[in-house]
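> Just need the structure, nothing else, for what follows:
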Amino acid sequence: MPVLELRAGLIEWGGRILLDHADLRAESGERIGLIGRNGEGKSTLLSALAGQYRLDDGSLWIDPALRRAFLPQEPELPDDALVLDYLLASPQDSASPDALAEDAAERWSLPARAEALCSQLQLPLDRPIGALSGGQKKRVAIASTLIHGAELLFLDEPTNHMDLAGIEALEKTLLRYRGTLFFVTHDRRFLESLCTRIVELDRGQLRSFPGSFSAYQRRKEELLNAEAADLDRLNQQLASEEAWLRQGVKARAKRNQGRLRRLEQLREERKQRRGRVGEAQITIQQAERSGTLIVDLENVSLRLGEQDILRGFSTRIERGDRVGIIGPNGAGKTTLLRLMLGEIEPDTGKVRRGTRQSIAYFDQLREQLDPEMRVADVVADGNDFIEVEGERRHILGYLQDFLFAPERARGLVKGLSGGERARLLLARLFAKPANILVLDEPTNDLDLESLEVLEDRLLAFPGTVLLVSHDREFLDHVVTQSIISLGDGKWLNSAGGHQDFLAWQAQQKSAPSVAETSTAAAGRATRRPKSLSFKERAELEALPGKIEALEARQNEVAEALGRPENYRDAAQALALQEEARRIAAELQAAYERWEELEAKEAEIRAASSSG
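Down below sits the predicted model:
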């Protein structure tokens, strides 16, 4: 049953078309993630769908019987109000004036709903809003959006400024929600957990992808490959016709007028096709190598006011480490960074720092950006050229690598979206060589494609990375070790990213007692085989050849997928893509089985030698 329908919607803003006569229909109970590049107009579209922003053309129908609620990206809250008082007094946002008047039963149930929401979102009932962290304030705004039981929810960047615990609590709350949800986010794991459909805003058009975010990613890759092949075909046709036209006067003979008209059609088709903006070409300039040691903390303690930030904490970071610093808002993650960098000193304990350190620092509050400066001047300090990797480059060309068109680069910082400001700060940061990158919440507001490009560059960076982030996917892809707040000034050194820490946590909770472990070990010792079985030995010996054959075929398929002519036959292209997925799955299974058998063989050898 439809609850919302957009027909031929048009939105123009600042001389740009953000929505180009697009259509969208939403059914009851859907959870729709709106995604797209920074500056494409996602927030404006969400506001329009919620009835907060008027369309320039087209029509929007929303079921008049449904109440709706809208969460802006930067909600304004009264600092002096207590959380519970604010939730009880928060007005209901609705399409129907009749729905604004709550009946007696609804008013009676409000306190219970407020307490339940505060419990779900881990909010204190009796604290002033002004005393809360940024993430807690965001959760208060979300609770005020949910409290009146709206059947249509519109949430703009609900996870921004939230810590991991807050994001996970919000996920659970929204999974229980039974209405229709539209939300804008760049958090890939949040999208994967919640979405029943992805709607992408791309060059003014809306594309719908039913299913999860991972299903969208697979389908999107197929579409981009097909689009590239189609554009290549069009360019070849146009080049052929242009070459024919240049042959001379024969081309203008009467019998060839049809071909001339065809040429004009091709030119018009190429002109009308709005080309896809290229991928951000983020380049990290490398300074000379730092010393092996980056920082060594030994039994360090630090207290700020009434809060213990560190209590007897030790860690050592060396060149090439990629360290994630993970913890709730207010735990002291930024303070720990400042201590590592030498901006502050501990109360007790020893800190040793390495040599030849060239540091690039990404500030989570964007305080390095003056809103009244021109975008280009933020990076080039008023110059027309900068030096990048030993080459002199015009600032407009350099900023185009970060997806800033020349007219955007000449504009003021205050006209940029949050994601564009994040990209600008990265452009400024990477304009100078560094061997240590300190990134404090770099993922806030960055679009999905820019996130993935930044991930790739950080993985290829040979220096050291210190990263504070609440983006679980980003942490798991980038870091090799984590420093995790356990509360009350205690921190844990952990290998891997956030998912590895959760696995370790689960293992600790389910770990058997010492007696149980000893009994189990004794049992295993009596049952341990003396060697691999005949079948296992044959399988282990055959696996390297099988893996080699799969890898060779994987390379062949990848080459075939890279040839445009293979996309002229849609069935053939899909078959190749399906084969690529199947081979990847088979390879993963083969690698895991090989590791399993080798580990088993090593265990048997060790047991034999110790026996």
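> which residues of the stretch 51-200 of the chain fall in strands?
In the stretch 51-200 of the chain, the strands defined using DSSP state E, counting those that start in this stretch lie at 57-62, 68-71, 152-156, 180-184, 197-202.
> Output these as CSV; include the columns distance to residue 449, mean neighbour count and mean pLDDT.
C-beta coordinates here come from the backbone N, C-alpha and C atoms, glycine included. Below are the strands of the stretch 51-200 of the chain laid out as CSV (distance: least, CB to CB, whole Å; neighbours: other CB atoms under 10 Å; pLDDT from 0 to 100):
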stretch, distance to residue 449, mean neighbour count, mean pLDDT
strand 57-62, 28, 14, 95
strand 68-71, 25, 23, 94
strand 152-156, 19, 24, 95
strand 180-184, 15, 23, 96
strand 197-202, 11, 20, 94
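> can you put those in TSV and add distance to residue 139?
Below are the strands of the stretch 51-200 of the chain laid out as TSV (distance: least, CB to CB, whole Å):
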stretch	distance to residue 139
strand 57-62	27
strand 68-71	11
strand 152-156	12
strand 180-184	15
strand 197-202	25
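> Can you say which of those strands is nearest to residue 324?
Nearest of the strands of the stretch 51-200 of the chain to residue 324, taken as CB to CB: strand 180-184 at 25.2 Å.
> and that closest one, how far out from the chain's middle?
17 Å (CA atoms, centre = their mean, to the nearest Å).
> between it and strand 152-156, how many degrees?
10 degrees (axes from the mean of the first three to the mean of the last three CA atoms, to 10 degrees).
> by contact count, what packs against strand 180-184?
strand 16-27, strand 31-35, helix 42-49, strand 152-156 (3 or more CB pairs under 8 Å, 6 or more residues apart in numbering; DSSP states H and E).
> Kindly reformat these as CSV containing distance to residue 303.
Shown next, in CSV, are these (distance: least, CB to CB, whole Å):
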stretch, distance to residue 303
strand 16-27, 50
strand 31-35, 42
helix 42-49, 41
strand 152-156, 38
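> which of those sits most buried?
strand 152-156 (a mean of 24; mean count of other CB atoms under 10 Å).
> Could you list the residues in contact with that strand?
The contact list for strand 152-156, computed with CB atoms under 8 Å, 6 or more residues apart in numbering, reads 3-4, 43, 46-47, 49-50, 62-63, 66-73, 142, 145-146, 177, 179-184.
> What's the first helix or strand after the helix or strand bottoming out on mean pLDDT in the chain?
Scoring the helices and strands of the chain by mean pLDDT, DSSP states H and E places helix 514-527 at the bottom, with a mean of 40. Counting by DSSP states H and E, the next helix or strand C-terminal to helix 514-527 is helix 534-561.
> What average pLDDT does that next one get?
The pLDDT scores in helix 534-561 average 79.
> Stretch 597-609 now?
Here the average pLDDT along stretch 597-609 is 68.
> same question, stretch 316-323
pLDDT averaged over stretch 316-323 gives 93.
> List the buried residues of that stretch.
Going by neighbour count (16 or more other CB atoms under 10 Å), the buried part of stretch 316-323 is 317, 319-320, 322-323.
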